[in-house]
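J.: coords please:
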Amino acid sequence: MKMTYSLQSLQFQRWLCLGLLIFCFNQANAQEAPRPPKARFSESFNIEIGLNTIPVLKAIANKGQDSLGLSPYLLNTRISWKNIGIRGSVGGSYKKEDTFIEGFKDSDVATKSSISYRLGIDYRTRWSSKFSGSIGLDWVAQISNNNRVLDSGFDVIERINQSNARGGGLTTAIQWWLNKNVALGIETSFYYLVGEQSIGRKFVNFPELNDDLRTAQTTEVQFPVALNFHWRF
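T.: Numbers count the residues shown, from 1 in each chain. You can find the predicted model right below:
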């Protein structure tokens, strides 16, 4: 009888310990904070359109030509996933003046144009709910033409001043988010560009008279500044 009673008591203690372990395990799981769900791919993927307001504001003040030299990139696009973004920018200008005298075939046509574009990659981190900052590397290209064509009826003389440059550098920016999808950003860049410039005069009907044709190698350092208005989709 004592042996049977001891076995039953031992089994009861084992079942009691097992029950206590299960109860403690369930209580620990119940008190554990739920894990946040993983963000979907679409929530981490963003597209932004940015407008550089400096050329716009200076154009309103009739100083648009000067603004393009300081801040040539008018339209910006950024495609990002999480903190990494690929972006591209473009800007430029075009002006044509056609001077002539009525009753004569003589004409004087001056054309001035420029285009600047860049492609880069950046890393953006959020400092708070209102501010974020980014740093990136850009490849840059710039092309400009300043040509004048004089048609006297006897010959056509073309004065050319053309240049192109390519290079790259570093860009930093700070964004102030007005809400989830709209922000104001200040951007500063450092670009090093090399290229060439062609200057001369060409005679269409008498090319043997072409003179003053020169090509020069150019090196330029730029510090463009932009004040961008961002829309994020």
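J.: any idea which helix or strand comes after the helix or strand of the chain with the lowest mean pLDDT?
T.: Counting by mean pLDDT, DSSP states H and E, the weakest-scoring helix or strand in the chain turns out to be helix 64-70, with a mean of 50. Downstream of helix 64-70, the first helix or strand assigned by DSSP states H and E is strand 75-81.
J.: quick one, strands of the protein?
T.: Per DSSP state E, the chain carries strands over the ranges 45-52, 75-81, 84-100, 107-126, 131-151, 156-177, 182-203, 211-222, 225-232.
J.: columns mean neighbour count and mean pLDDT on top of these, output as JSON lines?
T.: Quick note: C-beta positions are derived from backbone N, CA and C, even for glycine. Shown next, in JSON lines, are the strands of the chain (neighbours: other C-beta atoms under 10 Å; pLDDT from 0 to 100):
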{"stretch": "strand 45-52", "mean neighbour count": "17", "mean pLDDT": "92"}
{"stretch": "strand 75-81", "mean neighbour count": "16", "mean pLDDT": "94"}
{"stretch": "strand 84-100", "mean neighbour count": "15", "mean pLDDT": "88"}
{"stretch": "strand 107-126", "mean neighbour count": "16", "mean pLDDT": "91"}
{"stretch": "strand 131-151", "mean neighbour count": "17", "mean pLDDT": "91"}
{"stretch": "strand 156-177", "mean neighbour count": "17", "mean pLDDT": "91"}
{"stretch": "strand 182-203", "mean neighbour count": "16", "mean pLDDT": "90"}
{"stretch": "strand 211-222", "mean neighbour count": "11", "mean pLDDT": "84"}
{"stretch": "strand 225-232", "mean neighbour count": "18", "mean pLDDT": "92"}
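J.: tell me what the residue nearest to Tyr117 when sequence neighbours are not counted is bridged to.
T.: Of all residues not flanking Tyr117 in the chain, Val90 sits nearest, at 4.5 Å (C-beta to C-beta, 6 or more residues apart in numbering). Note on Val90: beta-bridge partners by DSSP bridges are Leu75, Tyr117.
J.: ok, now how distant is Val90 from Gly120?
T.: Taking C-beta to C-beta, to the nearest Å as the measure, Val90 falls 13 Å from Gly120.
J.: correct me, but the residue nearest to Tyr117 touches Leu75?
T.: Yes. In this structure, Val90 is within contact of Leu75 by C-beta atoms under 8 Å, at 5.7 Å.
J.: how deep is the nearest residue to Lys82 once chain neighbours are set aside tucked in, by neighbour count?
T.: Of all residues not flanking Lys82 in the chain, Ser44 sits nearest, at 4.9 Å (C-beta to C-beta, 6+ apart). Using other C-beta atoms under 10 Å, Ser44 has 12 other residues around it.
J.: and the pLDDT at Ser44?
T.: At Ser44, the model reports a pLDDT of 77.
J.: for Thr53, same thing?
T.: pLDDT at Thr53 comes out at 87.
J.: so what's it closest to, chain neighbours aside?
T.: Leaving aside its chain neighbours, Thr53 sits nearest to Leu227 (5.0 Å; criterion: C-beta to C-beta, 6+ apart).
J.: before we move on, what about Ala173?
T.: Once flanking residues are discounted, Ala173 sits nearest to Glu187: 4.1 Å by C-beta to C-beta, 6+ apart.
J.: so the one you found touches Asn228, yeah?
T.: Yes. Counting by C-beta under 8 Å, Asn228 is a contact partner of Glu187 at 6.0 Å.
J.: who touches both of these two?
T.: Ala173 (C-beta atoms under 8 Å, 6 or more residues apart in numbering).
J.: for the closest residue in space to Ala141 that isn't next to it in sequence, list the residues it contacts.
T.: What sits nearest to Ala141 in space, not counting adjacent residues and going by C-beta to C-beta, 6+ apart, is Arg166, at 4.8 Å. Counting by C-beta under 8 Å, 6+ apart, Arg166 touches Trp139, Val140, Ala141, Gln142, Leu193, Val194, Gly195.
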